[in-house]
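Predicted model and sequence below, questions to follow.
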Amino acid sequence: MSGLSKKRVLLIIGGGIAAYKTLDLIRRLREKGIAVRAVMTAAAQHFATPLSVASLSGEKVFTDLFSLTDEAAIGHIELSREADLIVVAPATADLLAKMAHGLANDLASTLLLATDKKILVAPAMNLRMWLAAPTVRNVATLRADGVIFSGPGDGDMACGEYGPGRMSEPLEILAAIEAALTGDTVLPLPAYPRADAAVAGALDGRRVVVTSGPTHEPIDPVRYIANRSSGKQGHAIAAAAQAAGASVTLVSGPVALADPAGVTTVHVETADEMRRAVEAALPADIFIGAAAVADWRTAETAPEKLKKAAGAEQSLTLVQNPDILAAIGWRDRDRPALVVGFAAETESLIEHAQKKRLAKGCDLIVANNVGRGSNVFGGEMNEVTLIAADGSERWPSLSKKEVATKLIARLARQLNEARI
């Protein structure tokens, strides 16, 4: 079994005589341990049967965009995104044209437009169709869009002509698929102007305090208790608030990031230092506790490096750190109009975040899953759910800068609508 044994391919079979080759391609993908789900166009079903494709793939074959049972079971959006790679073989002139012009009038073309994964195509058509000016333009457009091409090659065609347009052989397509799957196949969400983007001036005259990064709680002069927070999300939020016109104080734990331009940054190490720095920065209109503050510290910090003795165990007495978020959320005097906390959870995300919002006296909790495989700590992307008194709102996977911009836009709108 190959190292790609857990990968998944969505195979879109177009209507061409070369469709019969996809049966061999499916068999070879399965031999590599790669799961295959297939979609067949109406034309493809004249050259290969859904039954034969389903028998080889071991999966249901999808054919109809408007199938109520298929939509209820998985839905065309989910179908386009659960795979690691989309493969179109044979990629007919018609399918290439639809892809190049963003048409979506059947299941295959809709999936190709809706997917968030890379696309690999294996063109197959008559040589004059391949060399025709519209096809040449469409291919150039698709290459510029990042579509991967396997072939076509030169060879004899079913029409009796010879030349370019012959679909690559299954082994050639398999090699191209394996090469594509060894890299990152996820496509980032294209940038677009959002109605909720934080506009310049949205927070003019407002004061915002943001905490970011981890805290380091010393055990001795060498060791400390910490966590994996990089501070990227908190720093991005501070920068977004400054860009929206706010006067921003960023209280940052130890991070390997530059201070955001135009932001007053206070560097701290421990939770107690962060608490004192936050209190000194008040009053403020908005407090955003994005820091991953250590929950515990040692009852006493050893004045010298602790030495290990052979065979002896070392125990540490831990005490709770000050709860900065709760102290701000339940503050009687000078409480910010909006208090926002973060909940980094590994299980029961919504349940734990709802409990945290109530316990800490927050107006809003930004919850994210930091469990194994999430790559949130230290990564560039984040997928969050906002928990408020009136319900929750799940956002798609976005860059941390996009999350920051969207969050600041929401908070600015909430302040202005409430006329606070």
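That came in fine, so what should we check first?

all contacts plus neighbour counts: C-alpha atoms, from now on.
Fine.

and the longest helix anywhere in the chain, average pLDDT?
For the chain, the helix that runs over the most residues, judged by DSSP state H, is helix 400-418. The pLDDT scores in helix 400-418 average 91.

Which stretches in the stretch 101-250 of the chain count as strands?
119-123, 148-149, 153-156, 162-166, 207-212, 217-218, 224-225, 247-252 (DSSP state E, counting those that start in this stretch).

again, but for the stretch 301-420 of the chain
318-320, 338-345, 364-369, 381-382, 384-388, 391-394, 398-399.

Could I get the strands of the stretch 101-250 of the chain in a markdown table, plus columns for mean neighbour count and mean pLDDT?
Converted to a markdown table, those look like this (neighbours: other C-alpha atoms under 10 Å; pLDDT from 0 to 100):
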| stretch | mean neighbour count | mean pLDDT |
| --- | --- | --- |
| strand 119-123 | 25 | 96 |
| strand 148-149 | 19 | 96 |
| strand 153-156 | 15 | 81 |
| strand 162-166 | 20 | 84 |
| strand 207-212 | 26 | 98 |
| strand 217-218 | 20 | 96 |
| strand 224-225 | 16 | 93 |
| strand 247-252 | 25 | 98 |
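
Nearest to V268 among those strands would be which one?
strand 247-252 (6.0 Å; C-alpha to C-alpha).

other SSEs contacting that closest one?
Here strand 247-252 touches strand 207-212, helix 232-243, strand 264-267, helix 271-281, going by 3 or more C-alpha pairs under 8 Å, 6 or more residues apart in numbering; DSSP states H and E.

Let me know the next secondary structure element after the last one.
For helix 271-281, the following helix or strand on the C-terminal side (DSSP states H and E) is strand 286-289.

got the contact list for that next one?
Here strand 286-289 makes contact (C-alpha atoms under 8 Å, 6 or more residues apart in numbering) with 207-212, 325, 328, 336-342.

picking up where we left off before, out of the strands of the stretch 301-420 of the chain, nearest to V266?
strand 338-345 (19.1 Å).

give the contact list for E345.
352, 367-371.

Export those residues to a markdown table and append columns for neighbour count.
Putting the contacts of E345 into a markdown table (neighbours: other C-alpha atoms under 10 Å) gives the following:
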| residue | neighbour count |
| --- | --- |
| H352 | 15 |
| A367 | 24 |
| N368 | 23 |
| N369 | 22 |
| V370 | 19 |
| G371 | 13 |
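
now, which of those residues sits nearest V36?
Distance to V36 across the contacts of E345 (C-alpha to C-alpha) is lowest for G371, with 27.9 Å.

circling back: is it possible to get TSV of the strands of the stretch 101-250 of the chain that adds distance to E347?
What follows is the strands of the stretch 101-250 of the chain, written out as TSV (distance: least, C-alpha to C-alpha, whole Å):
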stretch	distance to E347
strand 119-123	33
strand 148-149	38
strand 153-156	51
strand 162-166	51
strand 207-212	23
strand 217-218	25
strand 224-225	22
strand 247-252	27
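
Of the ones you listed, which is nearest S392?
Of all the strands of the stretch 101-250 of the chain, strand 207-212 comes closest under C-alpha to C-alpha, at 22.2 Å.

In its sheet, which strands sit next to that closest one, and in what direction?
strand 247-252 (parallel), strand 286-289 (parallel) (DSSP bridges).

now it, how far from the chain's geometric center?
From the chain centre to the centre of strand 207-212 is a distance of 25 Å (C-alpha atoms, centre = their mean, to the nearest Å).

Pull the contacting residues for I173.
25, 122, 150.

What of A353?
343, 365-367, 387.

Any idea what G153 is bridged to?
Beta-bridge partners of G153, counted by DSSP bridges, are R166.

from the contacts of E345, which is closest to A294?
V370 (15.3 Å).

Looks like that closest one contacts A344 (just checking).
Yes. Judged on C-alpha atoms under 8 Å, V370 makes contact with A344 at a distance of 5.8 Å.

buried residues in the one helix or strand V88 maps to?
V88 is part of strand 85-91, with elements assigned from DSSP H and E. By neighbour count on 16 or more other C-alpha atoms under 10 Å, the buried set for strand 85-91 is 85-91.
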